[in-house]
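J.: Mind looking at a prediction? Sequence and model below.
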Amino acid sequence: MTTGTVIRIEEAGLGPGAQVRLVLSGVDRLQELHRPWASSGATLERAGGRIRATTTVEALARAAGRTFDKAQAAEIDAVLRSAVASWAGETPRVELPGEQELRCDERPLVMGVVNVTPDSFSDGGQLYPDGHPGRAIAHGRALIAQGADLLDVGGESSRPGAEPVHPAEERERVLPVIEALAPLGVPLSIDTTKAEVAAAAVDAGAVVVNDVSGARAEALLDVVARAGVAYVLMHTRGTPADMAEHAAYDDVVAEVHEFLAEGLMRCEHAGVPRERVLVDPGIGFAKTAVHNLELLRALRQLRSLGRPVAVGASRKSFLGAILGSNDPADRLEGSLACAALAAQAGAGVIRVHDVAATVRAVRTAHAIATARLPDDR
């Protein structure tokens, strides 16, 4: 499946005649667009199947009109205007079942992590001692009290090298936790790649499916479509067992952006509308430490996709490389820096382990970014 026209905004000025720095891909006969576009005053750089340009919206629209048929020119124009508006505008909301929604437009939401696994990279299985869910349930309650806007419950570790868990065992881990936390009024996400686990979790009260497989399983998308729940589309390659072998990119930002654009189309074809999808660059999944840093630096560019950006950098190993710490619990300052920068870049959801500190850091960063005090201070 092709993505069609993909436009990523790197920087945009204000007003219809302002300069925009963008990357265009997914267009047949791209070379034919080069000459009329350059003649309009655009500065162009060709890189494989992409063109990086400093231009105006109107200059690209005119060049496309002179190069392509009416339908393709209209597609380029629509994608361009949508990308610019998304880059600069409010973060869209996310539809949930029962006419509920995630209000990512008001401020970044903080998603608290509840790992119901014996081998989590971040807490070493402390929340699931001897297979008992009580500590995980108590932890979820504590995260809500600390200000978590939603919780992400997972029963299978996705750390590099992790082995898969049988669906029955994964259900056994997560369902008691979801059933206990669902009545508390905070939206719950199920972190899984398995359709049967997602279906059971939704029945138990989850309203978001967080899929770290990159939307590869049609059966999982079918569960999301039929249940009407929200979906987190994440970039990755391979599986947790072998993803480190796939961490090679010519341009990691471009390739992640194009993967997510294609994934949004696959979601729509599977019956999951964009209004219910968040996009996630997959920090730490099939990426080196430098790839993660490049993606975090370019995070605002992913807003060009028109969907809220979810970010999960909390306690990950690249922060250990920066801070000189092999202990995931000793990476708080790095995690908070990522959360603050993500808030500044317009992220919609920030997935973290240290909720109380992150809520305060994100609140401060968002107040600075918008130059206004929180309404709920």
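T.: Perfect, I can see it now. Numbering: from 1, shown residues only.
J.: Now do the helices in the stretch 151-300 of the chain.
T.: For the stretch 151-300 of the chain, the helices defined by DSSP state H, counting those that start in this stretch cover 167-181, 195-204, 218-227, 252-269, 289-297.
J.: Out of these, the one nearest residue 87 is which?
T.: Set against residue 87 and scored by Cβ to Cβ, the helices of the stretch 151-300 of the chain come closest in helix 252-269, at 11.9 Å. Where you see a C-beta, it was placed from the backbone N, CA and C, and this is true even at glycine.
J.: what packs against that closest one?
T.: Contacts defined by 3 or more Cβ pairs under 8 Å, 6 or more residues apart in numbering; DSSP states H and E place helix 252-269 against strand 6-12, strand 20-25, strand 230-234, strand 277-280, helix 289-297.
J.: Residues contacting it, please?
T.: 1-4, 6, 8, 23, 25-26, 50, 214-215, 221, 231, 233, 235, 249, 273-274, 277, 279, 281-282, 287, 291, 294-295, 298, 301-302, 304-305, 307 (Cβ atoms under 8 Å, 6 or more residues apart in numbering).
J.: Look at residue 45 and tell me its secondary structure.
T.: Secondary structure, DSSP: H, G, I helix; E, B strand; the rest coil: residue 45 is strand.
J.: quick one, phi/psi of the nearest residue to it once chain neighbours are set aside?
T.: Nearest-residue entry for residue 45: residue 52, 4.6 Å, with adjacent residues in sequence omitted and distances by Cβ to Cβ, 6 or more residues apart in numbering. Torsion angles at residue 52 (phi, psi; degrees, to the nearest 10) stand at phi -100, psi 130.
J.: Please verify my assumption that residue 52 contacts residue 34.
T.: No - checked against Cβ atoms under 8 Å, the pair residue 52 and residue 34 is beyond contact range at 11.8 Å.
J.: So for the two, which residues contact both of them?
T.: Common neighbours of residue 52 and residue 34 (Cβ under 8 Å, 6+ apart) are residue 44.
J.: re the thing from before, buried subset of the contacts of helix 252-269, written for PyMOL?
T.: Buried residues within the contacts of helix 252-269, by 16 or more other Cβ atoms under 10 Å, are selected in PyMOL with:
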select buried, resi 3+4+6+8+23+25+26+50+214+215+221+231+233+235+249+274+277+279+281+282+287+291+294+295+298+301+302+304+305+307
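J.: From the structure, what's the count of residues near the closest residue to residue 155 other than its chain neighbours?
T.: Distances taken as Cβ to Cβ, 6+ apart place residue 173 nearest to residue 155, at 3.6 Å, with adjacent residues excluded. Residue crowding around residue 173 was assessed by other Cβ atoms under 10 Å; the count is 23.
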